[in-house]
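Undergrad: Fold the stuff below for me.
(2 chains)
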There are 2 protein chains.
Amino acid sequence: MPSYYDQYREKQRKIADIYNAIALLHWDKETYLPNKGASFRAQQIATLSGIAHNEFVDSRFGRLLNRLANMTILSEKEMKNIVLTQKDYDKATKFTDEFVKKKSLAVSEAYHSWIEARKANDYEIFAPALQKVIDIIREEAEIIGYTDHPYDACLDNYEAEMTVAILDPFFEGIKNDLKPLVDKISQAKKIDKSFLHKTFPKEAQWELGLEVLTHLGYDFEAGRQDISTHPFTTSFSPQDVRVTTRIDENDFSNMTWSCIHEGGHALYEQGLPVDQYGLPSGQAASLAIHESQSRLWENNVGRSREYWNFFFPKIKERFPKQFKKVKLDNFYRAINTVSPNLIRTEADELHYHLHVLIRYEIEKAILAKEVDAKDLKEMWNAKYEEYLGINPTDDLSGILQDIHWSHGSIGYFPTYSLGSFYAAQIYAAAEKDIPKLSSLLSKGKTKQLLEWLRTNIHKHGRTYNAEELCELVTGEPLNTSYFIDYATKKFEDIYDLNKKEKGGQIDKSTNKEKGGKGKKSKKKKSTGKKKKKKNK
Amino acid sequence: MPSYYDQYREKQRKIADIYNAIALLHWDKETYLPNKGASFRAQQIATLSGIAHNEFVDSRFGRLLNRLANMTILSEKEMKNIVLTQKDYDKATKFTDEFVKKKSLAVSEAYHSWIEARKANDYEIFAPALQKVIDIIREEAEIIGYTDHPYDACLDNYEAEMTVAILDPFFEGIKNDLKPLVDKISQAKKIDKSFLHKTFPKEAQWELGLEVLTHLGYDFEAGRQDISTHPFTTSFSPQDVRVTTRIDENDFSNMTWSCIHEGGHALYEQGLPVDQYGLPSGQAASLAIHESQSRLWENNVGRSREYWNFFFPKIKERFPKQFKKVKLDNFYRAINTVSPNLIRTEADELHYHLHVLIRYEIEKAILAKEVDAKDLKEMWNAKYEEYLGINPTDDLSGILQDIHWSHGSIGYFPTYSLGSFYAAQIYAAAEKDIPKLSSLLSKGKTKQLLEWLRTNIHKHGRTYNAEELCELVTGEPLNTSYFIDYATKKFEDIYDLNKKEKGGQIDKSTNKEKGGKGKKSKKKKSTGKKKKKKNK
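TA: Below you'll find the predicted structure:
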């Protein structure tokens, strides 16, 4: 008879096999599924999801976990797996079948209603179904339980141990420190990026994508790239991690940084320990840490001057006509332009977090029962006016843009911003640990950084949660000043902000000139720059 | 509470969902799986197979089936589903877990040993593992049970109700009626087909494949074509039926008829009744009927003069240089050349059945315990000498060529030949039913034939077994004279056999000249031609 831990391991492996089959059903749905196959595919996914869930909530498995939790012969890592699985188990078994069905029905309705609302560009169509989802999520939060704020229960679904108590000051930091920088940039001289919108043939872009991924260290023997409407990364084991991309012939940026972003996710999944397949120690730490890996490669590396110092000549070879007259410095500035827009997924590196901030505040208010579906559009538009200075022209560019709520995903958005901030902090630690990292990247050497991430982040799986991992790797909990410092330094340089302030030249094309922001921004910058490695 | 029949239907749907997910795992394995992903993929397939099996052999399901079998309110079709499922259930529950594991282990070993033996081109490496498989298949036959011959138990696994009593005269017919025709052709003047081996660029062949499939009526909204090493058809529902192909730039035939063959399989799957998903009435009737659909399109249509009367101008447009000087008649003859070779999968329309005949005789002898693994190679080679007049040059071209035995598939091969013979008989019925079918095909009109097959074959699913369906559609059980007549008429014309006999000109390049065959062949032909619609 196998040991209790082996029985646990075998059960987890079996469940992982089912979930990985489901992941393939999804991957295929997004890449190759013929139109008419959609309906049976949805049914097949639902069936397998039900089987996986039932395998997991099996009361015999609960008893096995209890037995293991009281055993003293397990290693520390083994015990951590048991503890994490037990937490998952306790949460999964809290819900009655009735509740699960009710939620599933509400979410399914909401998704279809969201699709209809988008077709009609009319939030009112979506609002009633969204209200049902909101009611259920509020109920779910009560079932899960929380200490301080009901939103904590939602957050924990996507980011273990994340709470309003941690996120309030985090987003406060974004408001206080990032918004002034963004405002200042809005008054700076616009950067020309028109050459990124010439014609870039699909085939050549596709080849570039493969070259970029290979260069980052993505293993094509353990993965592949395909085309899909929305780029994503999925994994069926650390030895089969797939990315997708999309190509816009008139936009060089669209595919390029999407490739690097998904490549970052994929490098993480390929780096998870193969022998821990199916166990928490073989899974990604959290959504925020996942996003930290994609953002680190996309932004800290992939939008750095160093990286393009090496790679720009390569794309000049690939697109000689398009980049003939473009200098590295102009290219670097063009790929880092900052300007407000209405769509989160199209936002630049800085505005992105204002989009997330808005969603955080709205979701928190929803869970606190301060707002209901019928008033959400008004709230949404007001916050876009307040934080980005722009007003959604219609619902599609406004409250109907994200799929998340229609899926019942409330509490997910914050992980996006957390990812970038963890990325900046982790990257700063890498810079300390790896001698001359910047110089290595200038020579196209990314291997050292990947190895460092493998050792410090990837190999741990989910053994540590995001905050534990952050502290383990960087010596302190999440500290927003790393990102603020990185951003300030980078964009002051790119937008020549110090010079600008002296001259006082303001581009007339921007309508975002507001009094006093320049000064505030400067103040932040001067302190921020020295605050590295300090708690906020 | 749902009705008992609805409970049954729901259970069957659930099991079908799992098997269709497994089919996707397989499809992906053959098309897009990265190298390193193979090991976890095998594990995921095994896990889901185990789950599907356990869902099916669940004793509660057995009791439900028993209850349904005794109900008098079911329709005839519903009752047929219950009867067929009960037969499957009874068979599946006959095996102990121990036996299933033992077989799975033996098969797994045999497959690896077959791979090793192929690498070394040495049957001796495979023989011991094959003997274990043989022992287990013999044991399995005893567990399943049979009335006359233990091989019947094996046959029934692949072709319901098929027995030695039916197949002995069937293969006797092949020996008596087909072999003389083949021998006669071997003495005829060789046909030039060198123009089929010019260079045909991959992209152009791929496009041709899509055109051919579309022309046959394959619905690309409910399927797709991809590349794989070995062409195959798979289905995840009637609304997602996929084919694969391979392309050899130096061989026009390789892809073209493989496309049509798989297209025939796929048209069948796309024609199964969607509302019977998961039930026997929604499944293909049998392997032989499946093969009848692929062969009917590949050979009776796809190698006919009529079909190419319409389609040859199209390929001339696509490959103007390659076919510039080729006339339709030469093309038609070239794609129908007959000559013996060692590899079953590369055999022509006639020799193919001699390859199958050999395997039938060997498998029957194995089950009758007349031969064991150690003596199989000798038996194999002797039969190739006897029936095809050629001797395998090595084991790879001989007894190691097929994967089937290494998979534990004994009893499968006969379905291949049955398919072609059913195809000829079904096609003859179609010719009777569809006015001017031949003329329609000459004009490129395939729709009437497809509709006829949909109505007469596809829509029935598995409600009737092959023999029942054959009788329903053609008015009589399988009658080999349809194929013999079709073949005799076709190849006498192509090889100008009557003329040849008169002239007595024999191509010196053939080494198959044997006395007396010509006369024997002529005798067969003259009787065969008038024997349409008669029982053998």
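Undergrad: count of residues packed around whichever residue of the stretch 1-150 of chain A sits closest to chain B?
TA: Proximity of the stretch 1-150 of chain A to chain B (Cβ to the nearest Cβ) peaks at A:Gly37, 3.2 Å away. From N, CA and C alone the C-beta is placed, and that goes for glycine too. A:Gly37: 24 surrounding residues under other Cβ atoms under 10 Å in any protein chain shown.
Undergrad: That one and B:Asp240 touch, don't they?
TA: Yes. Between A:Gly37 and B:Asp240 a contact is recorded at 3.2 Å, counting by Cβ atoms under 8 Å.
Undergrad: Show the contacting residues for the residue of the stretch 1-150 of chain A closest to chain B.
TA: B:222, B:236-237, B:239-240 (Cβ atoms under 8 Å, 6 or more residues apart in numbering or on different chains).
Undergrad: elements contacting the helix or strand hosting A:Leu267?
TA: Assigned by DSSP states H and E, A:Leu267 belongs to helix A:252-270. For helix A:252-270, the packing partners by 3 or more Cβ pairs under 8 Å, 6 or more residues apart in numbering or on different chains; DSSP states H and E come out as helix A:202-216, strand A:233-237, strand A:240-245, helix A:287-295, helix A:447-456.
Undergrad: roughly how far apart are the closest residue to A:Glu431 other than its chain neighbours and A:Gln425?
TA: Nearest non-adjacent residue to A:Glu431, counting by Cβ to Cβ, 6 or more residues apart in numbering or on different chains: A:Leu437, 5.2 Å away. Plainly put, A:Leu437 is 15 Å away from A:Gln425 if you go by Cβ to Cβ, to the nearest Å.
Undergrad: Compare neighbour counts for these two and give me the winner.
TA: A:Gln425 (27 against 20).
Undergrad: Can you give me every residue that contacts the residue lying closest to that one once chain neighbours are set aside?
TA: Leaving aside its sequence neighbours, A:Gln425 sits nearest to A:Tyr482 (Cβ to Cβ, 6+ apart; 4.1 Å). When contacts are counted by Cβ under 8 Å, 6+ apart, A:Tyr482 is found next to A:421, A:424-425, A:427-428, A:532.
Undergrad: OK, contacts around the closest residue to A:Arg454 other than its chain neighbours?
TA: Spatial nearest neighbour of A:Arg454, chain neighbours left out: A:Gly271 (4.7 Å); criterion: Cβ to Cβ, 6+ apart. By Cβ under 8 Å, 6+ apart, the contact set of A:Gly271 is A:238, A:453-454, A:457-459.
Undergrad: And for A:Pro414?
TA: A:155, A:158-159, A:162, A:167, A:170-171, A:288, A:356, A:359-360.
Undergrad: Next, format those as CSV and append pLDDT and secondary structure.
TA: What follows is the contacts of A:Pro414, written out as CSV (pLDDT from 0 to 100; DSSP: H, G, I helix; E, B strand; the rest coil):
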residue, pLDDT, secondary structure
A:Leu155, 97, helix
A:Tyr158, 96, helix
A:Glu159, 96, coil
A:Met162, 95, coil
A:Leu167, 97, helix
A:Phe170, 96, helix
A:Phe171, 97, helix
A:Ala288, 98, helix
A:Val356, 98, helix
A:Arg359, 98, helix
A:Tyr360, 98, helix
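Undergrad: Got a quick ChimeraX command for the buried subset of the contacts of A:Gly271?
TA: If you want just the buried ones from these in ChimeraX, going by 16 or more other Cβ atoms under 10 Å in any protein chain shown, the selection is:
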select /A:238,453,454,457,458
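Undergrad: Kindly reformat the contacts of A:Gly271 as JSON lines containing pLDDT.
TA: Output for the contacts of A:Gly271, formatted as JSON lines (pLDDT from 0 to 100):
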{"residue": "A:Pro238", "pLDDT": "98"}
{"residue": "A:Leu453", "pLDDT": "98"}
{"residue": "A:Arg454", "pLDDT": "98"}
{"residue": "A:Ile457", "pLDDT": "98"}
{"residue": "A:His458", "pLDDT": "98"}
{"residue": "A:Lys459", "pLDDT": "97"}
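Undergrad: hmm, back to that, is it possible to get CSV of the contacts of A:Pro414 that adds neighbour count and distance to A:Lys445?
TA: Shown next, in CSV, are the contacts of A:Pro414 (neighbours: other Cβ atoms under 10 Å in any protein chain shown; distance: Cβ to Cβ, whole Å):
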residue, neighbour count, distance to A:Lys445
A:Leu155, 27, 38
A:Tyr158, 18, 35
A:Glu159, 26, 33
A:Met162, 26, 35
A:Leu167, 21, 37
A:Phe170, 22, 33
A:Phe171, 22, 36
A:Ala288, 27, 28
A:Val356, 22, 33
A:Arg359, 21, 38
A:Tyr360, 24, 38
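Undergrad: show me what contacts the residue nearest to A:Glu431?
TA: Counting by Cβ under 8 Å, 6+ apart, A:Leu437 touches A:430-431, A:448-449.
Undergrad: ok, the closest residue to A:Gln283 other than its chain neighbours to B:Asn66 distance?
TA: Leaving aside its sequence neighbours, A:Gln283 sits nearest to A:Arg462 (Cβ to Cβ, 6+ apart; 4.5 Å). With the distance defined as Cβ to Cβ, A:Arg462 ends up 47 Å from B:Asn66.
Undergrad: how deep is the residue of the stretch 251-400 of chain A found nearest chain B tucked in, by neighbour count?
TA: Closest contact between the stretch 251-400 of chain A and chain B, by Cβ to the nearest Cβ, is at A:Tyr277 (7.1 Å). With neighbours defined by other Cβ under 10 Å, the count for A:Tyr277 comes to 21.
Undergrad: Thought A:Asp17 was touching it, still the case?
TA: No. Judged on Cβ under 8 Å, A:Tyr277 makes no contact with A:Asp17 at a distance of 9.1 Å.
Undergrad: of the contacts of A:Gly37, list those near chain A.
TA: Under the cut-off given by Cβ under 8 Å from any Cβ of the partner chain, chain A has B:222, B:236-237, B:239-240 from the contacts of A:Gly37 close to it.
Undergrad: that older thread, common neighbours of A:Gly37 and B:Asp240, please.
TA: Both A:Gly37 and B:Asp240 are contacted by B:Ala222, under the criterion Cβ under 8 Å, 6+ apart.
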